[in-house]
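Visitor: Got a predicted structure here, sequence first:
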Amino acid sequence: MPRLLAKSWPKAILIATLGIFCLVSVISLLSCIRRLEVRGGSMTPGIAEGDKLLIFKRVSSPSRGDIIALPSPSGAPQMMIRRIIGIPGDIIEIRKGRVFVNDAYLDEPYVSANQNQRERDIGPLRVPDHSYFVMADNRDASFDSRDWGVIPDHVIYGKILMRY
């Protein structure tokens, strides 16, 4: 009988170790994800008021096109949702409502022409290191980098993983 216990002991240790590893992994993952409900229509038509989003809080290097959460520059308590248009080193220019990145037109199928009627010209503007140029998809009804300039990377709260 003692021999049976000796043979099953390593298997029990392996199962316990795997269980602890899985538990720590799940807890770690859950601490990196936050749920957010959208207030306002700044990202319509793709993201509407009332939509629920999952945000991954640990973002090392966001990419152009990523949708991110950041605190409001006005100091309001709610998070803002914006799309990254320019990354460090990019030259951003807006001509008659059309966005150009590094002198190339940026195709933006997520922006409705009906929500981009105000033809504001910006730039050319170079995005500094450790900074991003962000814009809302509903261009006519939003405040973004066109109003407050680029945002430093350390203010980015997280990247939107999914909408549900």
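Guide: Thanks, I have it. Numbering: from 1, shown residues only.

Visitor: Against which helices or strands is the strand ranked longest in the chain packed?
Guide: Longest strand in the chain by number of residues, with DSSP state E as the criterion: strand 79-86. In terms of contacts (3 or more Cβ pairs under 8 Å, 6 or more residues apart in numbering; DSSP states H and E), strand 79-86 is packed against strand 67-71, strand 98-101, strand 131-135, helix 145-148. Placement of C-beta: from N, CA and C, glycine included.

Visitor: How far off centre is the third one?
Guide: Centroid displacement of strand 131-135 relative to its chain, using Cα atoms, centre = their mean, to the nearest Å, is 11 Å.

Visitor: Other residues contacting that strand?
Guide: Residues outside strand 131-135 that contact it (Cβ atoms under 8 Å, 6 or more residues apart in numbering) are 62, 68, 70, 82-88, 90, 92, 99, 125, 127, 142, 144-146, 150-153, 156.

Visitor: can you give me phi and psi for Lys162?
Guide: In this structure residue 162 is Met, not Lys. Dihedral angles of Met162 (phi, psi; degrees, to the nearest 10) stand at phi -160, psi 160.

Visitor: re the thing from before, figure out which of the helices and strands packed on strand 79-86 is closest to Met43.
Guide: strand 67-71 (7.3 Å; Cβ to Cβ).

Visitor: Beta-bridge partners for Arg35, please?
Guide: Beta-bridge pairing for Arg35 (DSSP bridges): Leu54.

Visitor: pretty sure it is touching Phe56, no?
Guide: No. Counting by Cβ atoms under 8 Å, Phe56 is not a contact partner of Arg35; they are 11.5 Å apart.

Visitor: So for those two, which sits in the more crowded spot?
Guide: Per other Cβ atoms under 10 Å, whichever of Arg35 and Phe56 has more neighbours is Phe56, with 17 against 9.

Visitor: Show the model's pLDDT score for that one.
Guide: Looking at Phe56, its pLDDT is 87.

Visitor: For it, give its distance to Ile68.
Guide: Using Cβ to Cβ, to the nearest Å, Phe56 is found at 10 Å from Ile68.

Visitor: Many thanks, we can stop here.
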